[in-house]
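Asker: fold the following for me, if possible:
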Amino acid sequence: MRIDVYGKPGCAKCKSTKEKLAHYLNKWHVAATVPLEFVDMDSPDGNAQGAFYDVYDVIPVTIVMGDAGQPLGRWEGVVPPSEEVAKALGLQIQV
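Answerer: Model (predicted):
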């Protein structure tokens, strides 16, 4: 599994999303096994990867990807709630 955050380097909401997701993963002790990747939508490679996952106008877009490459959760334009991310990752957490 992995978490991809599609955004732009100067985007405050994108930065907040990355920071909060990193915090969640550390708190749940899964940071070593669930990579968190920022995909720069200003770069040609990032733009191409974003197009593959239908990321166009709204950022940030956060996608939890399963081991087989299937999307398990998706959030557009918001910082995803910790409960929803945990559920997509198949984790049981105390709220």
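Asker: contacts, neighbours, all on C-alpha from now
Answerer: Fine.
Asker: Val79 - how many residues pack around it?
Answerer: As a burial measure, Val79 scores 19 neighbours (other Cα atoms under 10 Å).
Asker: hang on, it in a helix?
Answerer: No. Checked against DSSP: H, G, I helix; E, B strand; the rest coil, Val79 lies outside a helix; its state is coil.
Asker: and the gap between it and Val34?
Answerer: To Val34, Val79 is 18 Å away according to Cα to Cα, to the nearest Å.
Asker: what does the longest helix along the chain contact?
Answerer: Looking across the chain with DSSP state H, the single longest helix is helix 12-27. Residues outside helix 12-27 that contact it (Cα atoms under 8 Å, 6 or more residues apart in numbering) are 5-9, 31, 34, 36, 38, 59-60, 78-80, 82.
Asker: ok, stretch 85-95 next?
Answerer: Contacts made with stretch 85-95 from outside it, assessed by Cα under 8 Å, 6+ apart, are listed as 1, 28, 64, 72-73, 83.
Asker: may I ask which of those has the most neighbours?
Answerer: Busiest of the contacts of stretch 85-95 [other Cα under 10 Å] is Val64, holding 23 neighbours.
Asker: just the element for that one, please.
Answerer: Val64 is part of strand 61-65 when elements are defined by DSSP states H and E.
Asker: ok, now Asp67?
Answerer: Going by DSSP H and E, Asp67 is not part of any helix or strand.
Asker: name the nearest residue to it, ignoring sequence neighbours.
Answerer: In this structure, Asp67 finds its nearest non-sequential neighbour in Met1, 4.8 Å apart by Cα to Cα, 6 or more residues apart in numbering.
Asker: contacts only, for the one you found.
Answerer: The contact partners of Met1, by Cα under 8 Å, 6+ apart, come to 33-35, 64-67, 89.
Asker: show me where pLDDT drops low in this protein?
Answerer: Where the chain drops to pLDDT under 70, the residues are 94-95.
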